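Visitor: Could you look at this predicted model? Sequence included:
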Amino acid sequence: MLKTSSHAKKEAEKSNLVRPSETIHALEQQRMALVQKEIVITKKLKDLEARITKSSGKGSSEETIIYPSNFPENARIDVPKPSRFGLNDYEDLKIPTPDGEHLSAYYIRAPESLNADKNTIVLMFHGNAGNIGHRVPIAKILVQRMGLSVFMLEYRGYGLSTGSPDETGFMIDAQTAFAYIREREDTKNHNIVVYGQSIGGAVSIQLVVKNQDDSHLIGLILENTFLSMRKLIPSVIPSSRFIALLCHQVWASEDFIPFINKVPILFLSGLKDEIVPPEHMRRLFEICQSTKIWKPLPSGDHNSSVLEPGYFETIEDFLSNLDVRKKEN
């Protein structure tokens with residue numbers, strides 16, 4: 001029998017790489033589901049406007065609007081696994097938090113071939129609806145195209161994680177995930193890039209502020225996130241500015257991001273974002289004091305920016321240009 005040539009082997013390996021077109025259908029399905037989520041949230045916000053004076057903005061109403069963890073239907077119990085998308089080298093984890101919750105997470109390893117960067121992990125934080133399983137198509141491109149490992153954390157009160165969502169709890173969750181990566185024997189010396197979408201961007205900003213002195217934290221990617229929750233609500237319902245004043249979930253990214261000065265940041269901004277006004281992202285970029293890159297996505301709305309030309313190429317360029325020399329031990 002003829003032996004496979006090295007050239008043929010390389011070609012075979014390349015054929016296993018994911019191409020953006022291979023996941024476009026899955027990403028488009030995700031986008032349409034999240035568009036429906038936006039419609040539901042807008043209706044709920046209008047209902048909340050009528051009730052807010054009675055509740056003073058406290059309690060379950062506010063949390064339900066900001067954290068629609070049950071949308072789409074069955075999002076708390078139906079969490080797609082990476083294997084559904086052809087990613088089989090992963091761990092399905094349950095991680096305890098200091099305050100007694102248990103968080104679901106996927107740790108998807110970099111592929112063995114094609115110059116995979118086995119020493120870099122992307123720590124992903126998703127938006128305020130759905131679960132980590134709905135973002136696996138995005139992780140697949142990071143893993144199979146860029147050769148990165150990906151750690152996908154599920155917030156408390158979302159997916160299969162225990163607890164109820166709120167800002168304080170989310171930040172405990174984020175720090176728990178970061179510490180898990182830094183303390184685990186086979187990942188403790190890995191470089192970490194934090195990647196946050198929408199409210200996940202707010203989580204990411206606070207996490208990086210707290211941990212930027214850790215030499216293994218080498219980059220931050222932000223997509224379509226906001227200045228603060230109190231400034232976002234009037235953009236969704238212009239007549240409801242008083243709701244913002246009563247909002248106890250603050251997420252004041254504009255107050256935190258100026259303190260980041262040691263970690264490079266990539267800003268991915270959909271210029272047709274119908275939920276977070278693009279000027280929120282632009283203002284965050286302007287007040288950022290760290291090394292920074294601005295990438296506008298001219299036709300990107302709040303949930304379709306990942307489908308825009310240049311989205312993943314920009315991430316790839318950003319990661320390739322990060323200075324990792326200081327991370328060597």
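Guide: Thanks, I have the structure now.

Visitor: So which residues of the stretch 151-300 of the chain form helices?
Guide: 167-183, 199-211, 229-236, 241-246, 253-256, 278-287 (DSSP state H, counting those that start in this stretch).

Visitor: lowest-confidence stretch among those?
Guide: For the helices of the stretch 151-300 of the chain, mean pLDDT drops lowest on helix 241-246, to a mean of 67.

Visitor: Identify all contacting residues around stretch 94-103.
Guide: The contact list for stretch 94-103 (Cβ atoms under 8 Å, 6 or more residues apart in numbering) reads 104-105, 153-156, 161-163, 169, 172-173, 176-177, 180. C-beta coordinates here come from the backbone N, C-alpha and C atoms, glycine included.

Visitor: mind listing what's buried in that stretch?
Guide: I95, T97, E101, L103 (16 or more other Cβ atoms under 10 Å).

Visitor: got the contact list for the nearest residue to the third one once chain neighbours are set aside?
Guide: Spelled out, that is E101. In this structure, E101 finds its nearest non-sequential neighbour in G163, 4.1 Å apart by Cβ to Cβ, 6 or more residues apart in numbering. Applying Cβ under 8 Å, 6+ apart to G163 gives the contacts E101, R156, G157, G169.

Visitor: who wins for most neighbours among the residues you listed?
Guide: Among these, R156 has the most neighbours (other Cβ atoms under 10 Å), with 24 neighbours.

Visitor: Hmm, that one is touching T168, no?
Guide: No. The pair R156 / T168 is not scored as a contact, 10.1 Å apart, by Cβ atoms under 8 Å.

Visitor: Now go through the buried residues of stretch 94-103 and say which are in strands.
Guide: Counted as lying in strands by DSSP state E, out of the buried residues of stretch 94-103, are I95, L103.

Visitor: For A202, state which of the buried residues of stretch 94-103 is nearest.
Guide: L103 (17.9 Å; Cβ to Cβ).

Visitor: The closest one and D78, how far apart?
Guide: 18 Å (Cβ to Cβ, to the nearest Å).

Visitor: Please apply the same query to V194.
Guide: For V194 relative to D78 (Cβ to Cβ), the value is 27 Å.

Visitor: likewise I260?
Guide: 36 Å.

Visitor: more neighbours, these two?
Guide: Using other Cβ under 10 Å as the criterion, I260 and D78 rank with I260 on top: 20 against 13.

Visitor: And for that one, nearest residue in space, chain neighbours not counted?
Guide: S290 (4.9 Å).

Visitor: One more: K188?
Guide: Closest to K188 by Cβ to Cβ, 6+ apart is R182, at 5.7 Å.

Visitor: Export the contacts of G163 as CSV, with columns for distance to F71.
Guide: Below are those laid out as CSV (distance: Cβ to Cβ, whole Å):
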residue, distance to F71
E101, 21
R156, 17
G157, 13
G169, 19
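
Visitor: what comes up buried for the helix or strand where D317 lies?
Guide: In the assignment (DSSP states H and E), D317 maps to helix 311-320. Buried positions in helix 311-320, judged by neighbour count with 16+ other Cβ under 10 Å: Y311, F312, T314, I315, E316, F318, L319.

Visitor: And for stretch 111-126?
Guide: Buried, per 16+ other Cβ under 10 Å, within stretch 111-126: P111, A116, D117, N119, T120, I121, V122, L123, M124, F125, H126.

Visitor: Please flag which of those sit within strands.
Guide: Those of those lying in strands (DSSP E): T120, I121, V122, L123, M124, F125.
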